[in-house]
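1. Coordinates for the following, if possible.
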Amino acid sequence: MFKACTPQFRSARSVVEIGAARAAVSSWWHLRRRGLWRRWCATRGAAAAVAAVLVMLGGVVAATPAAAAVAGGQVYTWGGNSLGQLGRDGSGLTPGTVSLSLPPGTLVTDVAAGYGQVLALTSTGKVYAWGWNNDGQVGDGTTTNRDRPVLVSMPAGVTVTAIAAGWGESLALTSTGDVYSWGNPAGLGRSDTTTNATPGRVELPSGTTATAIGAGGNHGLVP
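-> The predicted structure is shown next:
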């Protein structure tokens with residue numbers, strides 16, 4: 001049983017994904033060391049257990065203890081749902097669609113999952129989020145868990161091109177090369193952490209233009 005539940009980590013495609021892979025191994029080892037991985041596998045099955053560790057492979061991201069994928073402009077989730085991270089009702093044993101109230105012609109182009117929060121990026125550069133929100137990682141200005149997608153409160157005029165989610169923080173890369181963060185103050189990369197439940201600009205060195213982002217255990221990555 002335990003062997004069947006051991007996740008498979010394939011080669012990362014960039015320095016950002018190396019950081020995500022390290023977070024994946026860390027999350028899995030944390031569960032295994034505490035004896036929770038075997039328990040999850042025994043009660044939920046191998047498929048659900050393997051979906052419970054962060055992976056970034058071919059447009060699929062998974063987190064502890066939920067997973068998400070985007071296909072055809074729609075979001076699919078599976079896994080645990082104790083924190084609302086599925087963003088929908090129903091069983092998490094098989095993938096199910098998440099309903100987002102999007103304008104006509106708008107599609108979801110990417111998803112990112114952290115420890116308990118899930119982010120979805122749309123074709124118009126907006127970000128939606130749901131799930132665990134104890135540190136404000138959903139980004140709607142509250143610390144209330146969300147079991148349905150809500151719009152992340154990005155500043156007016158900002159267009160997001162990439163997203164990342166870590167243990168307790170969430171990140172967004174903009175079309176101008178800026179990075180915004182929200183959630184756990186330890187992973188925000190900015191001095192003002194009093195407004196951590198809403199996105200704020202990461203304080204990158206002067207003249208730096210970010211081209212990609214990644215998030216791990218309360219830390220962010222910008223190559």
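2. May I ask which helix or strand encompasses Ile163?
-> Remark: Ile163 resides in strand 160-165, with elements defined by DSSP states H and E.
3. Skip ahead from that strand and say which helix or strand is next.
-> Assigned by DSSP H and E, the successor of strand 160-165 is strand 169-174.
4. Neighbouring strands - and their directions - for that following strand?
-> strand 160-165 (antiparallel), strand 179-183 (antiparallel) (DSSP bridges).
5. list the contacts for the closest residue to Thr174 other than its chain neighbours?
-> Once flanking residues are discounted, Thr174 sits nearest to Val158: 5.4 Å by CB to CB, 6 or more residues apart in numbering. No exception for glycine: its C-beta is placed from N, CA and C like everyone else's. By CB atoms under 8 Å, 6 or more residues apart in numbering, the residues touching Val158 are 125, 174, 178, 180.
6. now swap in Gly139 and tell me
-> 127, 129, 152-154, 170, 182-183, 197-199.
7. Return the most buried member of the strands paired with strand 169-174.
-> For the strands paired with strand 169-174, the largest average neighbour count (mean count of other CB atoms under 10 Å) is found in strand 179-183, namely a mean of 28.
8. Mean confidence (pLDDT) on that strand, please.
-> Average pLDDT, strand 179-183: 95.
9. Alpha carbons only: can I get that strand in PDB?
-> Output in PDB follows, covering the C-alpha atoms of strand 179-183 (Å, rounded to 0.1, in the frame of the first residue of the first chain):
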ATOM      1  CA  VAL A 179       5.600  40.700  -8.900                       C
ATOM      2  CA  TYR A 180       2.700  40.900  -6.300                       C
ATOM      3  CA  SER A 181       2.400  38.800  -3.200                       C
ATOM      4  CA  TRP A 182      -0.200  38.100  -0.600                       C
ATOM      5  CA  GLY A 183      -0.700  35.600   2.300                       C
END
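10. which residues are in contact with the helix or strand that that strand is followed by?
-> Moving toward the C-terminus from strand 179-183, the next helix or strand (DSSP H and E) is strand 200-201. Applying CB under 8 Å, 6+ apart, the set of residues contacting strand 200-201 from outside is 178-182, 188, 190, 192.
11. again, but for stretch 119-128
-> 68, 70, 73, 75, 98, 100, 102-103, 106-113, 129, 139, 149-152, 154, 158-165, 170, 172, 175.
12. Retrieve the pLDDT associated with Ser11.
-> 38.
13. residue contacts, Asp140?
-> Contacts of Asp140 (CB under 8 Å, 6+ apart): 129, 133, 146, 150-153, 197-198.
14. I'd like to know which of these are buried.
-> Neighbour-count burial (16 or more other CB atoms under 10 Å) applied to those gives 129, 133, 146, 150, 152-153, 197-198.
15. In helices only, show me the contacts of Asp140.
-> In helices, judged by DSSP state H, none of the contacts of Asp140 are found.
16. export these to CSV and tack on distance to Gly216 and pLDDT?
-> Below are these laid out as CSV (distance: CB to CB, whole Å; pLDDT from 0 to 100):
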residue, distance to Gly216, pLDDT
Ala129, 18, 96
Asn133, 19, 95
Arg146, 23, 95
Val150, 24, 96
Leu151, 25, 97
Val152, 20, 97
Ser153, 24, 96
Ala197, 21, 95
Thr198, 22, 96
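17. and the residues you listed, which of them are in strands?
-> Those of the contacts of Asp140 mapping onto strands are 129, 146, 150-151, per DSSP state E.
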